[in-house]
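**Student:** give me the fold of what follows.
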Amino acid sequence: METVKGFIDHIIYRNKDNGYTVLNLLTQEDELTCVGFFKTMDQGEMIEARGEYIQHQLYGKQFKIEQYKILPPSDEISMERYLSSGAVKGVGEALAKRIIKAFGADTYRIIEEEPERLAEVKGISLRKAREIAASLYEKRDARDAMTFLQGYGISNTLALRIYEAYGMGLYGIMKENPYRLAEDIQGIGFRIADEIAEKIGIHTDSDYRIRSGLLYTLQQAGGEGHCYLPADRLLAEAGELLGIQPSLMEPQLQNLAMDKKLVIKYVPVADSIEPSRECRVYASTFYYAELNCARMLHDLNISEELLPAEEEALLQKIDQVEADLGIVLDSLQKRSVLESIRNGVFILSGGPGTGKTTTINAIIRYFLSQGMDISLAAPTGRAAKRMTEATGYESRTIHRLLELSGAAALEGKAARFERNEENPLEADVIIVDEMSMVDIFLFQSLLKAVSVGTRLIMVGDVNQLPSVGPGQVLSDLIKSGAFQTVALEKIFRQAKESDIVLNAHRIHAGEDPVLDNKSRDFFFLERNDTNVIYKHMIQLILEKLPRYVDATPYDIQVLTPMRKGKLGVETLNGILQRYLNPPDDKKRECQSGDTLFREGDKVMQIKNNYQLAWEVVSRYNIPIDQGMGIFNGDIGVIRTIDEYAREVVVEFDEHRRVTYPYSGLDEIELAYAVTIHKSQGSEYPAVIMPLLTGPHMLFNRNLLYTGITRAKACVTILGSRATLSEMVENNRENHRYTGFLDQIRSIQIEN
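**Tutor:** Below you'll find the model as predicted:
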């Protein structure tokens, strides 16, 4: 790295959110354009900066600052220049000249040690003198804090977040417990905090380190879908992470439980020959989410016992609904409508083609005929859109139904929904589709907003993959037997014309799909060479499938079981980008980590971000709608890349536009290919699935079933017939540690 020293003549651009700054620096030899992330650096200051020279394709030579320190003005000229710049509140050019004239080279000492003497200068009252000194102190404190943090190798961006979070309290935190950074500050995980702690000299067996490592291990388990870990597994995984014997960590488990960061539960082991109990360790938020959901469901689950005459009268009304809709319900569908009327909580389950949509429409028509208010919802924008198209009634995402608070998100606080126990949803009936996608935390938020007496109807296919987030809510609800559930089984005549539907049911039953390629919507191409698979995949997307299913290449989705490997998401996206959105002089690009983004790229949000603001604009670029929150699995297109402002605009479904700073691009990834898990709740005109080889635990029946049922008009599988058969035979799903089922049953026993 090179070092430059100079005077900040002008701040050309600054992003208020992330501190990205473009400035003009005057050195003794030259005038430089510098770029970097810093909010505490102001016009008029002297700095010493380390970094490297880069060549921007539009703006030419720039100096990219990696580290810097602000130097106090060393002579009268630099002092006057600094005070004249406006960096110190209340001081302009004329006043700066008078201050320097009065105190000369002693100016800085006067302001810091005898600020009341500034009142000797014409135009400065005693109050204003104190305000000038306070402004200078504040900047000095921030400057010193940033320099201190940079001394531990912390980047400007993270240093700024730390200073904004703790202020001058950061010194004590860094000295005593730098692991607090992982708990309090977004973007700093355990590993970064651990690196900082090592530089500070914190011992590897520090209590703080062990506690942070245990919490981090549980957090990582939550990312894999678990709500708890058995104690022995938690200690083993945390021990491997920390390089510490599990026995040394046991006291900190108890301390964390006493601090209410963890909940430790001993649960009898079912089907055990000898009486035994499993020790489960939960992060507190996970434990209480499961417990709260179980309690709220119990309160909602009010069943109405009907006399024979009352049931007959209801069946006659259902007959009238059939006549109004021009449909004929089978016995299970009719029973579903009846049970949705009788029960406060009702679950409708069924695979593709079994008439779930027809049944939902009949339920909606019945409740509307009784003058009831109905709200429809689904976990994702795409699923909500499908529900709207299928029913003819507006469906919203659960987040929009619950009215995600933009104010809380903008203030950097935890996401808050305006609809909750104090402000419940104003509906008599709430119907939620694609329940297999709903994780335990979103379910808790939904239940908080449902009043006792409101009917909650949940619809889903329990044979699909569980939610991306923690828990397996739909599966646990059905297994509990506590709530009235109807599983539709009959495949209707129209659905029988689709080999996608028939093969999905064959796979679910453990039978190989029909692969004779006589189908109109289900094709299998045996290809055992990855390069050949790439070639045919590109041909299908660019040439054959768009005409066949009347769609654009953008709408055709490649689904794969895995992220790594030659047929994983990461490799496939690089190849598909090259052919589906090739480089062009008219398309701007930017690099984020190992990923090159280009205008026109198809991308996916890969984490829930409640703080991201979006807006919908008219053809004249006038905002017509706005809101907060973009969520894991949302897919969009990069519309513009602003290299100067270092921002990327992505347009998601429903024309929602989001602006990402370059520093936030780790939240999106290319989406020409996505994992089957991430495709949940979506439906595509055509799906291509490359299946050759991969981890046995991933290549299972459940995953294959979910991938196939994402296609509306056509499925094409490229790969090995043997692999496909092995997936059908492999009925071992990835086990999730959840206690929701036990919580439901415990509350049943108590009541």
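
**Student:** tell me the secondary structure for the spatially closest residue to I210 that is not a sequence neighbour?
**Tutor:** In space, I210 comes closest to Q252 once its chain neighbours are excluded; the distance is 4.6 Å by C-beta to C-beta, 6 or more residues apart in numbering. In this view, the C-beta of every residue, glycine as well, is placed from N, C-alpha and C. Secondary structure state of Q252, per DSSP: H, G, I helix; E, B strand; the rest coil, is helix.

**Student:** measure Q252 to Y216 for me?
**Tutor:** 13 Å (C-beta to C-beta, to the nearest Å).

**Student:** hmm, I457 and V429 touching each other?
**Tutor:** Yes: counting by C-beta atoms under 8 Å, V429 touches I457, with 6.7 Å between them.

**Student:** how about the lengthiest helix in the chain: buried residues?
**Tutor:** With secondary structure taken from DSSP state H, the chain has its longest helix at helix 126-150. Residues of helix 126-150 classed as buried by neighbour count (16 or more other C-beta atoms under 10 Å): 128-129, 131-133, 135-136, 139, 142-146, 148-150.

**Student:** ok, then the element right after that helix?
**Tutor:** helix 156-166 (DSSP states H and E).

**Student:** CA atoms of the following helix or strand past that next one as PDB?
**Tutor:** Under the assignment DSSP H and E, the closest C-terminal helix or strand after helix 156-166 is helix 170-176. Output of helix 170-176 as PDB, limited to C-alpha atoms (Å, rounded to 0.1, in the frame of the first residue of the first chain):
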ATOM      1  CA  LEU A 170     -16.300   1.400  22.900                       C
ATOM      2  CA  TYR A 171     -12.900   1.600  24.700                       C
ATOM      3  CA  GLY A 172     -14.300  -0.400  27.700                       C
ATOM      4  CA  ILE A 173     -16.100  -2.900  25.500                       C
ATOM      5  CA  MET A 174     -13.000  -3.500  23.300                       C
ATOM      6  CA  LYS A 175     -10.800  -4.000  26.400                       C
ATOM      7  CA  GLU A 176     -13.200  -6.300  28.400                       C
END
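
**Student:** by contact count, what packs against helix 170-176?
**Tutor:** helix 126-150, helix 156-166, helix 190-200 (3 or more C-beta pairs under 8 Å, 6 or more residues apart in numbering; DSSP states H and E).

**Student:** just the C-alphas of the host helix or strand of Q748, formatted as CSV.
**Tutor:** Per DSSP H and E, Q748 falls inside helix 740-750. What follows is helix 740-750, C-alpha atoms only, in CSV (Å, rounded to 0.1, in the frame of the first residue of the first chain):
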residue,chain,number,x,y,z
PHE,A,740,-42.8,-27.2,18.6
LEU,A,741,-44.6,-30.6,18.4
ASP,A,742,-43.7,-31.3,22.1
GLN,A,743,-44.9,-27.8,23.1
ILE,A,744,-48.3,-28.3,21.4
ARG,A,745,-48.8,-31.7,23.1
SER,A,746,-47.7,-30.4,26.5
ILE,A,747,-50.3,-27.6,26.4
GLN,A,748,-52.9,-30.1,25.3
ILE,A,749,-52.1,-32.2,28.4
GLU,A,750,-52.2,-29.2,30.7
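
**Student:** for that helix, the averaged confidence score.
**Tutor:** Per-residue pLDDT values over helix 740-750 give a mean of 91.

**Student:** what's the answer for stretch 251-258, then?
**Tutor:** Stretch 251-258 comes out at a mean pLDDT of 93.

**Student:** same check, this time on stretch 261-271
**Tutor:** pLDDT averaged over stretch 261-271 gives 86.

**Student:** now do stretch 134-152
**Tutor:** Rounded mean pLDDT across stretch 134-152 is 73.

**Student:** CA-only coordinates of it in CSV, if you can.
**Tutor:** These are the backbone C-alpha positions of stretch 134-152, laid out as CSV (Å, rounded to 0.1, in the frame of the first residue of the first chain):
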residue,chain,number,x,y,z
ALA,A,134,-17.9,21.2,21.8
SER,A,135,-18.1,20.7,18.1
LEU,A,136,-14.3,20.3,17.9
TYR,A,137,-14.3,17.9,20.9
GLU,A,138,-16.9,15.7,19.2
LYS,A,139,-15.0,15.5,16.0
ARG,A,140,-11.8,14.8,17.9
ASP,A,141,-13.4,12.0,19.9
ALA,A,142,-14.8,10.4,16.7
ARG,A,143,-11.4,10.8,15.0
ASP,A,144,-9.5,9.2,17.9
ALA,A,145,-12.0,6.4,18.2
MET,A,146,-11.7,5.6,14.5
THR,A,147,-7.9,5.6,14.7
PHE,A,148,-8.0,3.4,17.8
LEU,A,149,-10.2,0.8,16.0
GLN,A,150,-8.2,0.9,12.8
GLY,A,151,-5.2,0.0,15.0
TYR,A,152,-6.8,-3.5,15.4
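
**Student:** show me what that stretch is in contact with.
**Tutor:** With C-beta atoms under 8 Å, 6 or more residues apart in numbering as the test, stretch 134-152 has contacts from 38, 40, 42, 67-70, 87-90, 111-112, 156, 158-160, 162-163, 168, 170-171, 174, 196, 199-200.

**Student:** give the ChimeraX command for selecting the buried subset of those.
**Tutor:** Listed next is the ChimeraX selection for buried residues among these, using 16+ other C-beta under 10 Å:
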select :38,40,42,67,68,69,70,87,88,111,156,158,159,160,162,163,170,174,196
